[in-house]
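A.B. asks: Requesting a structural model of the entry that follows:
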Amino acid sequence: MALDALAVLRPGPGAVRTLVAVFTGSVDDRRVHEAASRALVAAGPAAVAALVPWVPWMREADRRLRQSLAWFFGRADCGTDRAVRVLAEFLSDPCSRTRAEAAASLGLRGDPSAGPLLQRALAHPDERVRARAATALGRVGAYDAVERLRRSAAHDAFPTVRNAAAAALRALAARER
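C.D. replies: Residues are numbered from 1 along each chain as shown. Next comes the predicted model:
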């Protein structure tokens, strides 16, 4: 039923308000929540304006909603500077999964200014955060992270992190050509 309602929404401010309500209230229904997430990304800047006010109090919200917001800001048409600022907040989230999503989203943004944030995330205790940060460092072209990526590729305790760091080094080398 909710998926059908999302399918017939017409673009406009009312649709964005409805999508935000569905997005923030549907984390328990994965299919509905994902559909609302995709629709909000498609809604563009109006959706960003509606969701930015949610960010400051996110630490009190459901962790799945925080993860979804980190996902959203990696894909939304909101300007890279704004996205990096918002995602930087999510990199300090108490939930490692949210931090990992924020690192991945920073990689999708492709902004080299995210390099220092991602290098700090490369030292996080959770291997998912480290792996996503390594991948993102390769995507943003963080050449100043090469030595840290080499250490991670050679010495991290988890193969997923080692593999992600090695892939990031290959991506950086390919970008130089």
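
A.B. asks: so what's His33 up against?
C.D. replies: 22-23, 26-27, 64, 68 (C-beta atoms under 8 Å, 6 or more residues apart in numbering). Just so you know, the C-beta spots here come from the backbone N, C-alpha and C atoms, and that holds for glycine as well.

A.B. asks: Quick check: Ala173 vs Leu122, distance?
C.D. replies: Distance, Ala173 to Leu122, using C-beta to C-beta, to the nearest Å: 18 Å.

A.B. asks: Tally up the residues packed near the residue nearest to Ala103 when sequence neighbours are not counted, please.
C.D. replies: The shortest distance from Ala103 to any residue other than its chain neighbours is 4.0 Å, reached at Arg132 (C-beta to C-beta, 6 or more residues apart in numbering). Other residues near Arg132 number 28, with proximity taken as other C-beta atoms under 10 Å.

A.B. asks: ditto for the one 3 residues further on
C.D. replies: Other residues near Thr135 number 21, with proximity taken as other C-beta under 10 Å.

A.B. asks: What of Ser37?
C.D. replies: By the other C-beta under 10 Å criterion, the neighbourhood of Ser37 contains 21 residues.
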